[in-house]
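1. need coordinates for the below:
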Amino acid sequence: MNHRLAIAIEEIGTEERVAEHFGRCSKFYVCELDEQKKVLKTETFFNPLAGEHSGACQLPGFVKQFNVNTIIAGGMGQKAVSNFLSFEIDVITAPGLLYEDALNRFIQGKLLGYEACKHDHGHGHNC
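-> Presented below is the predicted three-dimensional model:
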């Protein structure tokens, strides 16, 4: 059975990194992996809520439509984590990694688990 993985992306200069703040990512790369964890295809979906105050709270429902099993992001609040888990989507936080590095570490089984942000990033809420 194939595995579908979404990675929240932000561009910093010419680099594509795992987005430090999930709700502010510019796009998602959705990678389909076969049983041997070989990448079969990668699709790009732009974040329609980028820059919106409540984007991180609404994004799990947006990402769910891509039928992913796992989401990788940098930082993510507990409410967004809970929303993903309620959709049976595993959450992995990997702040600061380049996209290719995050993908390769996931394929190698070296990226696991998450740590929810404990601060509100200045928004007055914990998404």
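2. check contacts around the closest residue to Glu15 other than its chain neighbours.
-> Leaving aside its chain neighbours, Glu15 sits nearest to Leu98 (6.2 Å; criterion: C-beta to C-beta, 6 or more residues apart in numbering). For every residue, glycine as well, the C-beta is placed using N, CA and C. Applying C-beta atoms under 8 Å, 6 or more residues apart in numbering, we find Leu98 in contact with 15-18.
3. among those residues, which ones are in strands?
-> Using DSSP state E, the members of the contacts of Leu98 that fall in strands are 15-18.
4. ok, which stretches of the protein are helices?
-> For the chain, applying DSSP state H gives helices covering 55-64, 78-86, 99-107.
5. need the winner for burial among the ones you listed.
-> Burial of the helices of the chain is given as mean neighbour count (mean count of other C-beta atoms under 10 Å); helix 55-64 ranks first at a mean of 20.
6. got the angle between that one and helix 78-86?
-> Interaxial angle, helix 55-64 versus helix 78-86 (axes from the mean of the first three to the mean of the last three C-alpha atoms, to 10 degrees): 10 degrees.
7. for the least confident helix or strand in the chain by mean pLDDT, packing partners?
-> Least confident helix or strand, the chain: helix 55-64 with a mean of 83, by mean pLDDT, DSSP states H and E. Helix 55-64 sits against helix 78-86, with contacts defined as 3 or more C-beta pairs under 8 Å, 6 or more residues apart in numbering; DSSP states H and E.
8. by contact count, what packs against the helix it packs on?
-> Helix 78-86 packs on helix 55-64, strand 90-93, going by 3+ C-beta pairs under 8 Å, 6+ apart.
9. buried sites along stretch 19-33?
-> Neighbour counts over stretch 19-33 (16 or more other C-beta atoms under 10 Å) mark 19-25, 27-33 as buried.
10. redo the residues you listed as CSV? Include pLDDT and distance to Glu115.
-> Output for the buried residues of stretch 19-33, formatted as CSV (pLDDT from 0 to 100; distance: C-beta to C-beta, whole Å):
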residue, pLDDT, distance to Glu115
Ala19, 93, 15
Glu20, 89, 13
His21, 83, 14
Phe22, 84, 12
Gly23, 83, 16
Arg24, 85, 18
Cys25, 90, 17
Lys27, 95, 23
Phe28, 96, 20
Tyr29, 98, 22
Val30, 98, 23
Cys31, 98, 23
Glu32, 98, 27
Leu33, 97, 24
